[in-house]
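> This is a predicted model, with the sequence first.
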Amino acid sequence: MTDNRREDAVTLDDCWNRIGVWSTEKASCPELQRFVHCRNCERYSAAGRKMLERPVPGTYRREWTRRFTDTRGTDRDASRSVLLFRLGDEWLAMDSLFVNEITPMRTIHSLPHKTSTVIKGLVNIRGELKICISIGAILQLDKARESYVTDHEILERMIFIEKEGQSFVFPVSEVHGIFHYTDGSLQTLPATVAKSRQTYTSGILCWNERHVGVLDHELLFYALSRSLQ
């Protein structure tokens, strides 16, 4: 049996469209008095099972065979993902694996006798107090000097990161979202980048004609744990 004949063999009596609740005219099916809605009828359920159990068309099988045997997509499929965010004038990226949550700005409760410029205080995240830190203090970034006018509303956010039981929250100027890239697209840092950023940045990504610094999460979490001591 050819593919077309196999597909034609699966015919349905779509009574729900002719005399049921989705009819263009007044529903006239007598079974509606018992079932109220077509989705509660055994005929509707049987039709769904019939569609799911129908033979796989040969064209569908050939298409997915071609996709799985196409090696040209290997680099594209082996992509990494990061969360893009802006801090002042700088666009940065954090491995999405360690991003737990993005929240609106919350009240930062200061700590008494705080001397560290990295630790800003405590923030309530879902009923738990989390340490709020300053990424800008670690990277020695200045406040924004540019005027940001875009086609969308810019909202400050807080990013909740977590790794092996360590969790921190830090405020950012703007969050763009998840960005996927391949290992080959990660560029080395230029020599003009400040030493503090060189220490905590593993490479540079090009996004929307901008250079985005990808943070080294291992060094970042290490520095944050040291700041607690």
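Structure received. These numbers come from a predicted model, not from an experiment.

> and the most centrally placed residue in the chain, what does it touch?
Centroid-nearest residue in the chain, with Cα atoms, centre = their mean: residue 178, separated by 4.8 Å. Counting by Cβ atoms under 8 Å, 6 or more residues apart in numbering, residue 178 touches 81, 82, 83, 84, 96. C-betas here are computed from N, CA, C, even on glycine.

> Need the mean per-residue confidence for the helix or strand it falls within.
Assigned by DSSP states H and E, residue 178 falls within strand 174-181. Average pLDDT, strand 174-181: 91.

> Need the pLDDT of the residue lying farthest from the centre of the chain.
Here the chain reaches farthest from its C-alpha mean at residue 30, the gap being 47.8 Å by Cα atoms, centre = their mean. Residue 30 is assigned a pLDDT of 90 by the prediction.

> follow-up on the earlier one: can you redo the contacts of residue 178 as CSV with neighbour count, pLDDT and distance to residue 229?
Below are these laid out as CSV (neighbours: other Cβ atoms under 10 Å; pLDDT from 0 to 100; distance: Cβ to Cβ, whole Å):
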residue, neighbour count, pLDDT, distance to residue 229
81, 13, 91, 32
82, 23, 93, 28
83, 22, 94, 27
84, 21, 95, 31
96, 15, 93, 28
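
> Serialize those residues to TSV and add fields for secondary structure and distance to residue 131.
Supplementary listing: the contacts of residue 178 in TSV, determined by DSSP: H, G, I helix; E, B strand; the rest coil; distance: Cβ to Cβ, whole Å:
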residue	secondary structure	distance to residue 131
81	strand	25
82	strand	22
83	strand	19
84	strand	23
96	helix	21
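
> what ranges of the chain fall below the confidence cut-off?
1-10, 70-78, 142-153, 190-198 (pLDDT under 70).

> Of all the residues in the helix or strand that contains residue 224, which ones are buried?
According to DSSP H and E, residue 224 maps onto helix 217-227. Neighbour-count burial for helix 217-227 flags 217, 220, 221, 224, 227 (criterion: 16 or more other Cβ atoms under 10 Å).

> what's in contact with it?
With contacts defined as Cβ under 8 Å, 6+ apart, helix 217-227 is touched by 94-95, 98, 116, 118-119, 133, 138, 163-164, 166, 168, 199-200.

> hmm, 7 Å instead?
94-95, 98, 116, 118-119, 133, 138, 163, 166, 168, 199-200 (Cβ atoms under 7 Å, 6 or more residues apart in numbering).

> Please, where are all the strands along the protein?
80-87, 90-95, 99-104, 119-125, 128-133, 157-163, 166-172, 174-181, 201-207, 210-215 (DSSP state E).

> I'd like the distance from the third one to the chain centre, please.
It stands for strand 99-104. Remark: strand 99-104 is offset 11 Å from the chain centroid, using Cα atoms, centre = their mean, to the nearest Å.

> go on, the second one?
Centroid separation between strand 90-95 and its chain, computed with Cα atoms, centre = their mean, is 14 Å.

> same for that strand, what does it pack against?
Counting by 3 or more Cβ pairs under 7 Å, 6 or more residues apart in numbering; DSSP states H and E, the packing neighbours recorded for strand 90-95 are strand 80-87, strand 210-215.

> just to revisit the earlier point, the strand holding residue 178 pairs with which strands, and in what direction?
Sheet pairing of strand 174-181 (DSSP bridges) gives strand 80-87 (antiparallel).
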